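Colleague: this one's structure only:
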(Lines give C-alpha, C1' and ligand atoms only; values in the text may rest on other atoms or scores of the structure.)
Protein backbone atom coordinates (compact mmCIF):
# COMPACT_ATOMS: atom_id res chain seq x y z
CA UNK A 1 0.00 0.00 0.00
CA UNK A 2 2.85 2.42 0.79
CA UNK A 3 4.32 1.79 -2.66
CA UNK A 4 1.06 2.85 -4.27
CA UNK A 5 0.82 5.98 -2.14
CA UNK A 6 4.44 6.95 -2.82
CA UNK A 7 3.97 6.48 -6.55
CA UNK A 8 1.01 8.82 -6.48
CA UNK A 9 2.74 11.64 -4.68
CA UNK A 10 3.99 12.42 -8.19
CA UNK A 11 0.42 13.19 -9.32
CA UNK A 12 0.30 16.63 -7.61
CA UNK A 13 3.39 17.63 -9.62
CA UNK A 14 1.24 17.62 -12.76
CA UNK A 15 -1.27 19.84 -10.99
CA UNK A 16 1.41 22.29 -9.89
CA UNK A 17 2.12 23.37 -13.45
CA UNK A 18 -1.32 24.82 -14.20
CA UNK A 19 -1.49 28.59 -14.78
CA UNK A 20 -3.77 31.15 -13.11
CA UNK A 21 -6.04 33.27 -15.35
CA UNK A 22 -9.64 34.59 -15.21
CA UNK A 23 -12.51 32.07 -14.54
CA UNK A 24 -13.27 29.01 -12.34
CA UNK A 25 -15.32 25.81 -12.05
CA UNK A 26 -18.45 27.58 -13.34
CA UNK A 27 -16.85 28.33 -16.72
CA UNK A 28 -19.25 27.24 -19.50
CA UNK A 29 -16.36 25.77 -21.55
CA UNK A 30 -15.94 22.96 -19.02
CA UNK A 31 -18.98 20.92 -20.09
CA UNK A 32 -17.63 20.50 -23.62
CA UNK A 33 -14.10 19.77 -22.38
CA UNK A 34 -15.36 17.07 -20.00
CA UNK A 35 -17.45 15.46 -22.76
CA UNK A 36 -14.43 15.41 -25.07
CA UNK A 37 -12.19 14.09 -22.29
CA UNK A 38 -14.52 11.19 -21.61
CA UNK A 39 -14.84 10.34 -25.30
CA UNK A 40 -11.23 10.63 -26.47
CA UNK A 41 -9.13 7.56 -27.11
CA UNK A 42 -6.03 9.57 -28.00
CA UNK A 43 -3.53 10.18 -25.21
CA UNK A 44 -2.20 13.46 -26.62
CA UNK A 45 -5.71 14.84 -27.04
CA UNK A 46 -6.57 13.70 -23.52
CA UNK A 47 -3.49 15.47 -22.14
CA UNK A 48 -4.37 18.69 -23.96
CA UNK A 49 -7.97 18.54 -22.68
CA UNK A 50 -6.71 17.89 -19.15
CA UNK A 51 -4.42 20.94 -19.32
CA UNK A 52 -7.30 23.08 -20.57
CA UNK A 53 -9.52 21.97 -17.70
CA UNK A 54 -6.79 22.66 -15.12
CA UNK A 55 -6.15 26.10 -16.62
CA UNK A 56 -9.83 26.97 -16.24
CA UNK A 57 -9.99 25.60 -12.70
CA UNK A 58 -7.05 27.76 -11.70
CA UNK A 59 -8.61 30.92 -13.09
CA UNK A 60 -10.08 33.57 -10.82
CA UNK A 61 -11.49 37.01 -11.51
CA UNK A 62 -10.15 38.18 -8.14
CA UNK A 63 -6.60 39.58 -8.44
CA UNK A 64 -5.86 38.83 -4.76
CA UNK A 65 -6.82 35.17 -5.30
CA UNK A 66 -4.64 34.99 -8.41
CA UNK A 67 -1.68 36.40 -6.49
CA UNK A 68 -2.18 34.12 -3.47
CA UNK A 69 -2.57 31.02 -5.65
CA UNK A 70 0.52 31.90 -7.64
CA UNK A 71 2.57 32.41 -4.47
CA UNK A 72 1.09 29.27 -2.91
CA UNK A 73 1.97 27.23 -5.98
CA UNK A 74 5.55 28.55 -5.91
CA UNK A 75 5.92 27.53 -2.26
CA UNK A 76 4.30 24.17 -2.98
CA UNK A 77 6.75 23.48 -5.83
CA UNK A 78 9.62 24.46 -3.50
CA UNK A 79 8.23 22.03 -0.89
CA UNK A 80 7.63 24.85 1.61
CA UNK A 81 4.32 23.30 2.57
CA UNK A 82 3.55 25.30 5.71
CA UNK A 83 3.90 28.62 3.87
CA UNK A 84 1.80 27.26 1.00
CA UNK A 85 -0.84 26.15 3.51
CA UNK A 86 -1.07 29.65 4.98
CA UNK A 87 -1.49 31.17 1.54
CA UNK A 88 -4.21 28.69 0.60
CA UNK A 89 -5.90 29.36 3.97
CA UNK A 90 -6.23 32.97 2.81
CA UNK A 91 -7.57 31.88 -0.58
CA UNK A 92 -10.42 29.84 0.93
CA UNK A 93 -11.26 32.68 3.33
CA UNK A 94 -11.55 35.35 0.65
CA UNK A 95 -12.97 33.08 -2.08
CA UNK A 96 -14.94 30.25 -0.44
CA UNK A 97 -16.69 29.40 -3.73
CA UNK A 98 -13.39 28.93 -5.59
CA UNK A 99 -13.00 25.15 -5.79
CA UNK A 100 -9.32 25.16 -6.63
CA UNK A 101 -8.49 27.04 -3.42
CA UNK A 102 -9.94 24.14 -1.42
CA UNK A 103 -8.24 21.59 -3.66
CA UNK A 104 -4.84 23.28 -3.33
CA UNK A 105 -5.21 23.41 0.46
CA UNK A 106 -6.27 19.73 0.46
CA UNK A 107 -3.07 18.87 -1.42
CA UNK A 108 -0.90 20.76 1.05
CA UNK A 109 -2.70 19.24 4.02
CA UNK A 110 -2.15 15.76 2.56
CA UNK A 111 1.55 16.49 2.09
CA UNK A 112 1.74 17.71 5.70
CA UNK A 113 0.06 14.51 6.93
CA UNK A 114 -3.20 16.22 7.93
CA UNK A 115 -5.45 13.59 6.38
CA UNK A 116 -8.65 14.64 8.16
CA UNK A 117 -8.19 18.25 7.04
CA UNK A 118 -7.35 17.13 3.51
CA UNK A 119 -10.53 15.03 3.30
CA UNK A 120 -12.64 17.94 4.54
CA UNK A 121 -11.15 20.24 1.88
CA UNK A 122 -11.65 17.60 -0.81
CA UNK A 123 -15.33 17.38 0.12
CA UNK A 124 -15.63 21.19 -0.19
CA UNK A 125 -13.91 21.00 -3.58
CA UNK A 126 -16.32 18.32 -4.78
CA UNK A 127 -19.38 20.25 -3.59
CA UNK A 128 -18.24 23.14 -5.77
CA UNK A 129 -16.97 21.02 -8.68
CA UNK A 130 -18.29 17.42 -8.60
CA UNK A 131 -16.28 16.60 -11.75
CA UNK A 132 -12.95 17.45 -10.09
CA UNK A 133 -11.02 14.32 -11.03
CA UNK A 134 -7.95 15.68 -9.22
CA UNK A 135 -9.85 15.93 -5.95
CA UNK A 136 -11.35 12.46 -6.43
CA UNK A 137 -7.93 10.98 -7.10
CA UNK A 138 -6.54 12.96 -4.16
CA UNK A 139 -9.24 11.51 -1.94
CA UNK A 140 -8.07 8.08 -3.06
CA UNK A 141 -4.53 8.96 -1.99
CA UNK A 142 -5.67 10.16 1.42
CA UNK A 143 -7.74 7.02 1.92
CA UNK A 144 -4.72 4.92 0.95
CA UNK A 145 -2.70 6.74 3.60
CA UNK A 146 -5.50 5.91 6.05
CA UNK A 147 -5.31 2.28 4.87
CA UNK A 148 -8.88 2.11 3.57
CA UNK A 149 -8.28 0.28 0.30
CA UNK A 150 -11.95 -0.25 -0.60
CA UNK A 151 -12.94 3.41 -0.23
CA UNK A 152 -9.71 4.47 -1.96
CA UNK A 153 -10.61 2.24 -4.90
CA UNK A 154 -14.09 3.81 -5.06
CA UNK A 155 -12.51 7.27 -5.24
CA UNK A 156 -10.07 6.30 -7.97
CA UNK A 157 -12.90 4.68 -9.93
CA UNK A 158 -15.01 7.83 -9.58
CA UNK A 159 -12.09 9.86 -10.98
CA UNK A 160 -11.70 7.40 -13.86
CA UNK A 161 -15.42 7.67 -14.65
CA UNK A 162 -14.85 11.38 -15.31
CA UNK A 163 -11.32 11.10 -16.77
CA UNK A 164 -10.87 7.58 -18.21
CA UNK A 165 -7.17 8.10 -18.99
CA UNK A 166 -6.13 9.62 -15.66
CA UNK A 167 -2.77 7.85 -15.21
CA UNK A 168 -2.35 7.84 -11.42
CA UNK A 169 -5.97 6.90 -10.79
CA UNK A 170 -5.83 4.04 -13.30
CA UNK A 171 -2.57 2.67 -11.89
CA UNK A 172 -3.83 2.87 -8.33
CA UNK A 173 -7.22 1.39 -9.13
CA UNK A 174 -5.64 -1.58 -10.86
CA UNK A 175 -3.17 -2.16 -8.00
CA UNK A 176 -5.95 -1.89 -5.43
CA UNK A 177 -8.19 -4.30 -7.34
CA UNK A 178 -5.37 -6.85 -7.33
CA UNK A 179 -4.66 -6.23 -3.63
CA UNK A 180 -8.31 -6.50 -2.62
CA UNK A 181 -8.79 -9.63 -4.71
CA UNK A 182 -5.66 -11.19 -3.19
CA UNK A 183 -6.79 -10.38 0.36
CA UNK A 184 -10.28 -11.77 -0.23
CA UNK A 185 -9.09 -15.13 -1.54
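Modeller: Nice, I can see it. All values derive from a computational prediction rather than experimental measurement.

Colleague: As a check, name the ranges of all helices in the chain.
Modeller: In order along the chain, the chain carries the following helices (DSSP state H): 2-8, 11-15, 29-39, 43-58, 63-77, 81-94, 99-111, 115-128, 133-145, 149-162, 167-184.

Colleague: which stretch in the ones you listed has the least confidence?
Modeller: Within these, confidence is poorest for helix 11-15, with a mean of 35 (mean pLDDT).

Colleague: Now render the helices of the chain as TSV, adding mean neighbour count.
Modeller: For the C-beta atoms, the positions are set from N, CA and C on the backbone; glycine is no exception. Rendered in TSV, the data for these read as follows (neighbours: other Cβ atoms under 10 Å):
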stretch	mean neighbour count
helix 2-8	15
helix 11-15	17
helix 29-39	15
helix 43-58	18
helix 63-77	18
helix 81-94	18
helix 99-111	26
helix 115-128	19
helix 133-145	26
helix 149-162	20
helix 167-184	16
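
Colleague: Contacts for stretch 125-141, please.
Modeller: By Cβ atoms under 8 Å, 6 or more residues apart in numbering, the list of residues contacting stretch 125-141 from outside reads 5, 8-9, 11-12, 15, 25, 30, 34, 54, 57, 97-100, 102-103, 106-107, 110, 118-119, 122, 152-153, 155-156, 158-159, 162-163, 166, 168-169, 172-173.

Colleague: Pull up the distance across that stretch, start to finish.
Modeller: End-to-end distance of stretch 125-141 (Cα to Cα, to the nearest Å): 15 Å.

Colleague: what's the spacing between the most centrally placed residue in the chain and residue 179?
Modeller: Closest to where the C-alpha atoms of the chain average out (Cα atoms, centre = their mean) is residue 134, at 2.5 Å. Taken as Cβ to Cβ, to the nearest Å, the spacing of residue 134 relative to residue 179 amounts to 23 Å.

Colleague: Kindly report the same for residue 33.
Modeller: Relative to residue 179, residue 33 is positioned 33 Å away (Cβ to Cβ).

Colleague: how many neighbours does residue 28 have?
Modeller: Number of residues near residue 28 (other Cβ atoms under 10 Å) recorded here: 8.

Colleague: got the phi/psi numbers for it?
Modeller: Backbone torsions for residue 28, taken as degrees, to the nearest 10, come to phi -60, psi -20.
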